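Peer 1: could you look at this predicted model? Sequence included:
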Amino acid sequence: SQTIHQWPATLVQPVGSPLSLECTVEGTSNPNLYWYRQAAGRGLQLLFYSVGIGQISSEVPQNLSASRPQDRQFILSSKKLLLSDSGFYLCAWSAGLGSPLHFGNGTRLTVT
Amino acid sequence: GENVEQHPSTLSVQEGDSAVIKCTYSDSASNYFPWYKQELGKRPQLIIDIRSNVGEKKDQRIAVTLNKTAKHFSLHITETQPEDSAVYFCAASLNAGKSTFGDGTTLTVKP
């Protein structure tokens, strides 16, 4: 069966520091991969999605970036965090169009 | 791009009553409509979904209806239980499987 791993679970970082969140999927090949952010009490905002290695689409302008160095690995990065980057970050995978999202357990990021 | 509106933002019902959450979408090309349940501090999980070639789908106490002409879909939960308390999100899927989410409905079921 397919599983998705996301780490770390919580992270406290100072403003201006770098960020790297990692997500890996097991048990499937060529998944679509996604990074969502959820502000407190709000919905899920799509940040990036990828349909293949090296293929990244950005949905909103921001100081975050994403990379997909391997088929089942998705990384969210920032060179310098802002206070507004605080939130709950969720990685997800799907089998493609018309398929549900399967979310990781999320990373709660607090930028101080 | 796609825009999804979800109502109500909060819903409180008595145990055993029914709950209905409604969503509208803007892009008539969307063809996949999942619903997710998110318990406090946890990840969203799929509870039911419907495709545009179907008008209604049921799974035990949960049902979803889709009106393509009006571009709206609804989640119906019957015989609600306290463990149904959570935040529910609707979504509409257009390209590459990426989903646009509604802002969520916080459902509270009072024992």
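Peer 2: Arrived safely. Since we're looking at a predicted model, the values are computed, not measured.
Peer 1: ok, the spatially most central residue of chain A to chain B distance?
Peer 2: The centroid of chain A falls nearest to A:Trp35 when counting by C-alpha atoms, centre = their mean (3.1 Å). Taking C-beta to the nearest C-beta, to the nearest Å as the criterion, A:Trp35 is separated from chain B by 11 Å. C-betas here are computed from N, CA, C, even on glycine.
Peer 1: for chain A, what are the nearby residues on chain B?
Peer 2: By C-beta under 8 Å from any C-beta of the partner chain, the residues of chain B that approach chain A are B:6, B:31-32, B:34, B:36, B:42-46, B:49, B:51, B:89, B:91, B:93, B:95-104.
Peer 1: quick one, which of these are buried?
Peer 2: Listed as buried from the residues of chain B next to chain A are B:6, B:31-32, B:34, B:36, B:43-44, B:49, B:89, B:91, B:93, B:97-104; burial here means 16 or more other C-beta atoms under 10 Å in any protein chain shown.
Peer 1: check contacts around the residue nearest to the centre of chain A.
Peer 2: By C-beta atoms under 8 Å, 6 or more residues apart in numbering or on different chains, A:Trp35 lies in contact with A:21, A:23, A:46-49, A:64, A:66, A:74, A:76, A:89-92.
Peer 1: need the contact list for residue 38.
Peer 2: Here I'm looking at chain A. Counting by C-beta under 8 Å, 6+ apart, A:Gln38 has contacts A:Leu44, A:Gln45, A:Gly87, A:Phe88, A:Tyr89, A:Leu90, A:Gly106.
Peer 1: let's do chain B instead
Peer 2: The neighbours of B:Gln38, taking C-beta under 8 Å, 6+ apart as the test, are B:Pro44, B:Gln45, B:Ala86, B:Val87, B:Tyr88, B:Phe89, B:Gly104.
Peer 1: for B:Cys90, give its distance to A:Val25.
Peer 2: Separation of B:Cys90 from A:Val25 (C-beta to C-beta, to the nearest Å) stands at 25 Å.
Peer 1: give me the neighbour count for residue 52.
Peer 2: This is for chain A. For A:Gly52, the neighbour count with other C-beta atoms under 10 Å in any protein chain shown is 12.
Peer 1: chain B is the one I meant
Peer 2: For B:Ser52, the count of nearby residues is 17 (other C-beta under 10 Å).
Peer 1: phi first, then psi, for the closest residue to it other than its chain neighbours.
Peer 2: With sequence-adjacent residues excluded and distances taken as C-beta to C-beta, 6 or more residues apart in numbering or on different chains, B:Ser52 is closest to B:Asn31, at 4.0 Å. Main-chain dihedrals, B:Asn31, degrees, to the nearest 10: phi -140, psi 10.
Peer 1: how far away from the center of its chain is the one helix or strand A:Tyr89 maps to?
Peer 2: Using DSSP states H and E, A:Tyr89 maps to strand A:87-94. Distance of strand A:87-94 from the chain centroid (C-alpha atoms, centre = their mean, to the nearest Å) equals 5 Å.
Peer 1: can you check stretch A:3-20 too?
Peer 2: Put simply, stretch A:3-20 sits 10 Å off its chain's centre (C-alpha atoms, centre = their mean).
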